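Asks: Fold the following.
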Amino acid sequence: MYKVFFLMIAIGFPLSVLGSLLHWPVVLLFIIYCLTIVALASFMGRATESIAIHTGPRVGGLLNATFGNAVELIIAFFALKAGLITVVLASLTGSVIGNLLLVMGLSFFIGGIKYKRQTFNVFDARHNSGLLVFAVLVAFVIPEIFSQEMEPKNTYTLSVGISIILILLYLAALYFKLVTHRGVYQTSDTENEAVEQEEAEWGKKKAILILLLATLAVAYVSESLVHTFEEVGEAFGWTELFIGVIVVAIVGNAAEHASAIIMAYKNKMDIAVEIAVGSTLQIAMFVAPLLVLISFFFEKPMSLVFTVPELIAMVTAVLLAIVISNDGETNWFEGATVLAAYFIMGIGFFLL
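Replies: Next up is the predicted model:
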C-alpha cells in the first residue's frame, strides 16, 4: 500500500507543478492536488507512528495532531488570503466533526472488528471532555449569540479576545499534560507493553525529516488547491459550505485519518483517541483562534461566527463523542453509531 502512495507522490507532485504552469483543466488539477496531499499525508502518518514509538502515546498523538493540522492550517491560510472566509469556517467545522465522528468512528469500528473490546485512558477522556465542552459549546457559541446585538467591528473584537483566551488555555493544557501531570494518569499496561515491544520503522531523526519535507510539499500543493475551489464547486454543484465541511476537511486531515485507524487496528487506542480528540482540541483552541488573529492582516478579517447548522453539527459531535468515550472503552457498534452521525450530517450539508 505504501508503495502505491510513494508512486502517487512521485507522479502527483511533478504533475501538480506542471499542471499549474501549463494551466490544465481545473477539475483535473483538483483531483491531482487532492490525491497528492492524501499520499503525502500517508507518509506523515508513517513518520508520526515511528515517533510515537520513540516518545510514547501522548507525545506521539500530540505530534500527529499537530502535523495533521498543519495541512489544515496551510489550506485555511491560503483560503483566508483569497477571501474565502465561508470555506475557512466550514473547513474548521468539518475538522471538528470529521475528527470526532469520522476519524474516531472509523477507529472504533475497524479496531472493534478485530478486538471485541478495546480500552483507553479514561482519565484523559474525561479531561478532554471538559476542554471540548469549553472550546465548542462556550467559545464558539458565545460569538454567535452576542453577534446578534453587535456591529461587525465589535464582533471581530470579541472574537479576538476569545481567540487569545483559547490559545492561552490550550498552551496551559499542554503544560498540564506534558509537564506538571505527566505520568500521573498512566495509560493501560497492555498498550505500554505493546509500544515497548514494537520497533519503529524509521529512526527518530529520519521520521522528523520526512514529516518536515512532507509538510513543505503539502504547503505548496495546498496553495494551488485553494484556487480551484470556485470552479470545482460550479462544475459539481457543490456549495462553498460543502467544500469546506466535507472535501477540505477530509483532504486536510488525511494524516490523522490514516494514523488513527492504523493505531486502532493495532489496539493502541490511547494513541488513536489522542489523535482524534487531540486534533479536535487543537483545531478549536489553537488553529481557529490563530486564523482569527492572522486575518487581521488581510482585507477581510474573520470572526468566530459560524452558521447555525455548523454550530449544531459541532455541538452534536462533541456531545456524542463525550457520551461514547467517557467510559474508557469501546467496540465496533459504538464506532458504527458515530459514523452514522457523520453521514447524516454530510447529507445535510450537501443538500443545504
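
Asks: roughly how far apart are the nearest residue to residue 309 once chain neighbours are set aside and residue 275?
Replies: Distance criterion Cβ to Cβ, 6 or more residues apart in numbering; nearest residue to residue 309, sequence neighbours excluded, is residue 352 at 6.4 Å. Yep, even glycine has a C-beta here, placed from its N, CA and C like the rest. Distance, residue 352 to residue 275, by Cβ to Cβ, to the nearest Å: 29 Å.

Asks: Comparing these two, which residue is more hemmed in?
Replies: Set side by side, residue 352 and residue 275 show more neighbours around residue 275, with 37 against 12, by other Cβ atoms under 10 Å.

Asks: The more buried one against residue 103, yeah?
Replies: Yes - counting by Cβ atoms under 8 Å, residue 275 touches residue 103, with 7.1 Å between them.

Asks: CA atoms only for stretch 341-352, dumped as PDB, please.
Replies: Taking Å, rounded to 0.1, in the frame of the first residue of the first chain, the C-alpha atoms of stretch 341-352 are listed here in PDB:
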ATOM      1  CA  ALA A 341     -24.000  10.600  12.800                       C
ATOM      2  CA  TYR A 342     -21.200  11.800  10.400                       C
ATOM      3  CA  PHE A 343     -23.000  10.500   7.300                       C
ATOM      4  CA  ILE A 344     -26.300  12.100   8.400                       C
ATOM      5  CA  MET A 345     -24.500  15.500   8.800                       C
ATOM      6  CA  GLY A 346     -22.800  15.000   5.500                       C
ATOM      7  CA  ILE A 347     -26.100  14.500   3.700                       C
ATOM      8  CA  GLY A 348     -27.500  17.600   5.400                       C
ATOM      9  CA  PHE A 349     -24.500  19.800   4.400                       C
ATOM     10  CA  PHE A 350     -24.700  18.500   0.800                       C
ATOM     11  CA  LEU A 351     -28.300  19.500   0.500                       C
ATOM     12  CA  LEU A 352     -28.000  22.900   2.100                       C
END
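
Asks: quick one: average pLDDT of that stretch?
Replies: The average of the pLDDT scores along stretch 341-352 is 92.

Asks: Same check on stretch 52-63?
Replies: For stretch 52-63, mean pLDDT is 67.

Asks: Following element in sequence after the helix-or-strand element of the chain with minimal mean pLDDT, please.
Replies: Within the chain, no helix or strand scores below helix 189-197, which has a mean of 47 by mean pLDDT, DSSP states H and E. Following helix 189-197 in sequence order, the next helix or strand is helix 204-226 (DSSP states H and E).

Asks: and whatever helix or strand comes next after that following helix, what does it pack onto?
Replies: Using DSSP H and E, the helix or strand that directly follows helix 204-226 along the chain is helix 229-236. Judged by 3 or more Cβ pairs under 8 Å, 6 or more residues apart in numbering; DSSP states H and E, helix 229-236 is in contact with helix 26-55.
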